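Chemist: let's see this in three dimensions:
(one chain, ligands or ions: 1)
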Amino acid sequence: MKLLSLISSCLFLFLTLISIPLNSAQCIDQPDPTQPSKKLASKCSMVKKQPMKNLHHKVQNDTNMFIIQLNCTIQDPIRCEKVKSSFEEAGRIISSTLILNTPILINAMFHSMESPNILGAAGPFRSIPMKDDDGFERLYPQSLVKQFQLDVHPEFAPVDIVADFNSLVPFWFEGDPPITSIQTGFLELILHELMHGLGFASAWNDYINGDVAVAATPEIIGLTTETTLPDSSAKFVFNGFQERALDKYLFLLPENKSTSSYASELNKFAEFGTTYENVSVFLNQFITSPQYLVAKEIFGYFIIPKDLVFKPSASDKEEDMTFLETSLNPFQPGSSISHVDSLTYTNTSEFLMTFSQEKGRTLNDNIRIGGNYSGGAIGYKLRLLLESLGYATNENPNPYKSFPIEEYALSSSTVVSISYMEILEL
Ligand SMILES: [Zn+2]
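Modeler: Got it, this is the predicted structure:
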């Protein structure tokens, strides 16, 4: 039985503008993981690498490269301590698979949310545009850009990953009495969410239509001449559709077309810098353009099982590809695409990134059911995926790196996009 699903909202209601001076990157900050559509376009000037000795945060110990700042607001110090221990254990598990050279700072909240159906959410605080070796610019999570150890990079935010979990949910913690059928394993949930924070996230989604998705684009990047959006009177300057790091490796079957080739087609909609009277005019022109047919065409793949695969950079073998979640119809923003195919990978060693988490099972139960994979919770395909993004491992100690974009000429900007929130399925 599926117990978790992901929702997110993708409205134009939270366009937020900020002035971006010349020679700054247009980074995107998402401070609240439970409000994924709330985005801040923030300037991130190019800065020189900080020497490691000057890092403000020291690694907690040799085996956990994650630093947890937990704000636990419930009146139950024992449960708060279990939450903290779970984050630390998740950090140790990931640190035992990935070779992280720079600590990753998590700002976590554990508190009662309005609805008991929301489990929690996490995501990158800052996404940074980077240039890939295929010429595309894509958004990279700050956690990963830090690992690249670039001499000059867009300025980092003080936090890498934000996480927010709901104390109203009957979570099961490691060391508790045997899990019951109504409990959800907290450690598995954290691991899953941290994977989203580390970059398991596609930019492809329907940002245009309301409740019923019918077309898909990457993130819509726009600029405005004023700071009054979305009240309409401000001019909207189109600045392209932008994928995320994961999307570099996504292919559509059976034709084997890259999603990036669709992004290229979509970007023929208009020259970057084209000005529209307001965002509504932009949207209306887009949905009557030939490129909107491209957006509808690629969307068709996202609702047919096994039509979308992640091809790891290190292998062309068919068995090393991962089917992403395209079995959900209607399309479920937040569940579709940015997870592995649940029909294929539930009850296998790749269970961690299915969109649903079964109640009444601990992380160790799922590892055992999946065949006791030697890598534990992080399956072989998931490791290949993380290596492709650019995370080092023992098996692949010198992974791919993207590079910062040094030429920026933006005056101000607004960004529309989405991230992930887990809820209980009713
Ligand atoms: Zn998820």
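Chemist: pull up the distance across stretch 99-113, start to finish.
Modeler: 35 Å (CA to CA, to the nearest Å).
Chemist: show me what counts as buried in it.
Modeler: 99, 100, 102, 103, 104, 105, 106, 107, 108, 109, 110, 113 (16 or more other CB atoms under 10 Å). C-betas here are computed from N, CA, C, even on glycine.
Chemist: would you quantify the distance from residue 319 to residue 249?
Modeler: Counting by CB to CB, to the nearest Å, the gap from residue 319 to residue 249 is 16 Å.
Chemist: same question, residue 312
Modeler: Distance from residue 312 to residue 249, by CB to CB: 7 Å.
Chemist: shared neighbours, the two?
Modeler: By CB atoms under 8 Å, 6 or more residues apart in numbering, residue 312 and residue 249 have these common neighbours: 385, 388.
Chemist: the longest helix in the chain is where?
Modeler: helix 77-97 (DSSP state H).
Chemist: where exactly do the strands run in the stretch 301-426 of the chain?
Modeler: Applying DSSP state E, counting those that start in this stretch to the stretch 301-426 of the chain gives strands spanning 308-310, 322-323, 392-393, 403-404, 412-416, 421-424.
Chemist: most remote residue from the middle of this structure, which is it?
Modeler: residue 177 (33.2 Å; CA atoms, centre = their mean).
Chemist: in terms of helices and strands, where is that one?
Modeler: Residue 177 belongs to no helix or strand when assigned by DSSP states H and E.
Chemist: so who does the closest residue in space to residue 371 that isn't next to it in sequence touch?
Modeler: Spatial nearest neighbour of residue 371, chain neighbours left out: residue 349 (5.5 Å); criterion: CB to CB, 6 or more residues apart in numbering. Shown in contact with residue 349 (CB under 8 Å, 6+ apart): 367, 370, 371, 373, 375, 379, 380.
Chemist: just the ones of the residues you listed in helices?
Modeler: Those of the contacts of residue 349 lying in helices (DSSP H): 367, 380.
Chemist: I'd like the distance between the nearest residue to residue 373 once chain neighbours are set aside and residue 168.
Modeler: Excluding the flanking residues, the one nearest residue 373 by CB to CB, 6+ apart is residue 349, at 3.6 Å. To residue 168, residue 349 is 31 Å away according to CB to CB.
Chemist: try residue 159
Modeler: 25 Å.
Chemist: do the same with residue 98
Modeler: 32 Å.
Chemist: more crowded one of the two?
Modeler: residue 98 (21 against 16; other CB atoms under 10 Å).
Chemist: what's the closest non-adjacent residue to the more buried one?
Modeler: Per CB to CB, 6+ apart, closest to residue 98 is residue 391, 4.8 Å.
Chemist: thought the one you found was touching residue 401?
Modeler: No: look at residue 391 against residue 401 with CB atoms under 8 Å: they stay out of range, at 10.8 Å.
Chemist: and these two? Which one has more around it.
Modeler: residue 391 (22 against 15).
Chemist: all helices of the stretch 251-400 of the chain, in order?
Modeler: 259-266, 279-287, 290-301, 342-345, 363-369, 380-389 (DSSP state H, counting those that start in this stretch).
Chemist: ok, of the ones you listed, where does mean pLDDT dip lowest?
Modeler: Across the helices of the stretch 251-400 of the chain, helix 279-287 has the smallest mean pLDDT, namely a mean of 91.
Chemist: helices and strands around that helix, which ones?
Modeler: Applying 3 or more CB pairs under 8 Å, 6 or more residues apart in numbering; DSSP states H and E, one finds that helix 279-287 contacts strand 236-244.
Chemist: neighbouring strands - and their directions - for the strand it packs on?
Modeler: strand 137-141 (parallel), strand 219-224 (antiparallel), strand 275-276 (antiparallel) (DSSP bridges).
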